[in-house]
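Asks: quick one: sequence plus predicted model below, questions after.
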Amino acid sequence: MPSFEQDINEFRQFIIAVKVFPPTKDASAYDEATLDAAGYRALVDTGANVCSISEKIVTDLNLPAYGRVEMTTAGAPHTTSVYQVGLAIPVTETEIRPEKQEDGGTIMKPVSVAETSAGFAEMKVTSFPDIGADRGFDIILGMDMLMHFHITMHTGKIVISI
Amino acid sequence: MTTQSEMAASEKEVEKNYAYFKKMQAKWLDGHMSDYALIHRQKLIAFFESEKDAIHTGVRDYGWGEFSVQSVRNAPVDLGHQSNALF
């Protein structure tokens, strides 16, 4: 099971990298190998019940809306567009390997061996114009995606196993 | 993926379909509360039990940006804590 660890940021947020795939032309199953994915930063938000993306992503990927939904927020409820995308989390796989030291000794160190993506999911996402403009993220990862992962938070770190 | 102008047109189409949906929602709730309505050019095409099936049919018959799929219940979604900062 791939897993990775991320430190909490100065705003007490967990921000992770996420790849976003546009919908396939015929709404068939995604094939990660044949699609261009764009990388964005995502906020892990267990208080959100859905995933949401910025207008920047909608524009970057020319995403076609397929519906509207009412959104409840701290402010007045409002209506926003709904999109279908593929979301995946890029993961660097590491192995512990021996490394020779100048003094002749050997230490065991983690070495990157492969870049993969994990946790691929076809998701219904909503959009908002203001997300991430000056907050360092373009995606809110809500519970509809997070519920599939094993997540541990401790001492300022989050560990996600997919 | 669509072009910028197609994207704007799709947003407009979805907005018009949504206005039609809101007009019809009360009527559709009786008997289709848990269904998904496939709408094309402000006209109901069919109800589906699965949102995925409705989308698949919409894409197959009309293409992305040319249809809407609306949950008849249309329950509001909660964006969570970040909405306090964002809105």
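Replies: Alright, I've got the coordinates.
Asks: going forward, measure contacts and count neighbours with C-alpha atoms only.
Replies: Fine.
Asks: would you map the helices across chain A?
Replies: Remark: helices assigned in chain A by DSSP state H are A:55-61, A:143-146.
Asks: who are the packing partners of the longest one?
Replies: Just to be clear, that refers to helix A:55-61. Helices and strands touching helix A:55-61, by 3 or more Cα pairs under 8 Å, 6 or more residues apart in numbering or on different chains; DSSP states H and E, are strand A:106-128.
Asks: mean confidence for the strand it packs on?
Replies: Regarding strand A:106-128, the rounded mean pLDDT is 79.
Asks: what residues of that strand count as buried?
Replies: In terms of neighbour count (16 or more other Cα atoms under 10 Å in any protein chain shown), strand A:106-128 has its buried residues at A:S117, A:A118, A:G119, A:F120, A:A121, A:E122, A:M123, A:K124, A:V125, A:T126, A:S127, A:F128.
Asks: the third one against A:I162, yeah?
Replies: Meaning A:G119. Yes. Counting by Cα atoms under 8 Å, A:G119 does reach A:I162; the two are 5.7 Å apart.
Asks: what sits against A:A88?
Replies: Each residue near A:A88 by Cα atoms under 8 Å, 6 or more residues apart in numbering or on different chains is listed here: A:V18, A:K19, A:V20, A:S117, A:A118, A:G119, A:F120, A:A121.
Asks: tabulate the residues you listed (CSV), appending distance to B:V69.
Replies: Below are those laid out as CSV (distance: Cα to Cα, whole Å):
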residue, distance to B:V69
A:V18, 26
A:K19, 25
A:V20, 21
A:S117, 30
A:A118, 28
A:G119, 26
A:F120, 23
A:A121, 20
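Asks: grab the nearest non-local neighbour of A:T106.
Replies: Spatial nearest neighbour of A:T106, chain neighbours left out: A:K100 (4.5 Å); criterion: Cα to Cα, 6 or more residues apart in numbering or on different chains.
Asks: per-residue pLDDT, the one you found?
Replies: For A:K100, pLDDT reads 86.
Asks: am I right that it is in contact with A:I107?
Replies: Yes. If you go by Cα under 8 Å, A:K100 and A:I107 touch, sitting 6.6 Å apart.
Asks: now for the longest helix seen in chain B, which elements pack on it?
Replies: Counting residues, the longest helix found in chain B (DSSP H) is helix B:4-32. In this structure, helix B:4-32 makes packing contacts with strand A:67-72, strand B:68-71, judged by 3+ Cα pairs under 8 Å, 6+ apart.
Asks: quick one: is the longest one near chain B?
Replies: Yes. For strand A:67-72, a contact with chain B is found by Cα under 8 Å from any Cα of the partner chain, at A:G67, A:R68, A:V69, A:E70, A:M71, A:T72.
Asks: with neighbour count added, can I get these in a markdown table?
Replies: Formatted as a markdown table, the residues of strand A:67-72 next to chain B follow (neighbours: other Cα atoms under 10 Å in any protein chain shown):
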| residue | neighbour count |
| --- | --- |
| A:G67 | 26 |
| A:R68 | 25 |
| A:V69 | 18 |
| A:E70 | 16 |
| A:M71 | 18 |
| A:T72 | 17 |
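Asks: farthest-separated two in those residues?
Replies: A:G67 and A:T72 (16.5 Å; Cα to Cα).
Asks: how many neighbours does whichever residue of chain A sits closest to chain B have?
Replies: Going by Cα to the nearest Cα, chain B is nearest to A:A48 of chain A, at 3.9 Å. A:A48 has 21 neighbouring residues, counting by other Cα atoms under 10 Å in any protein chain shown.
Asks: many thanks, we can stop here.
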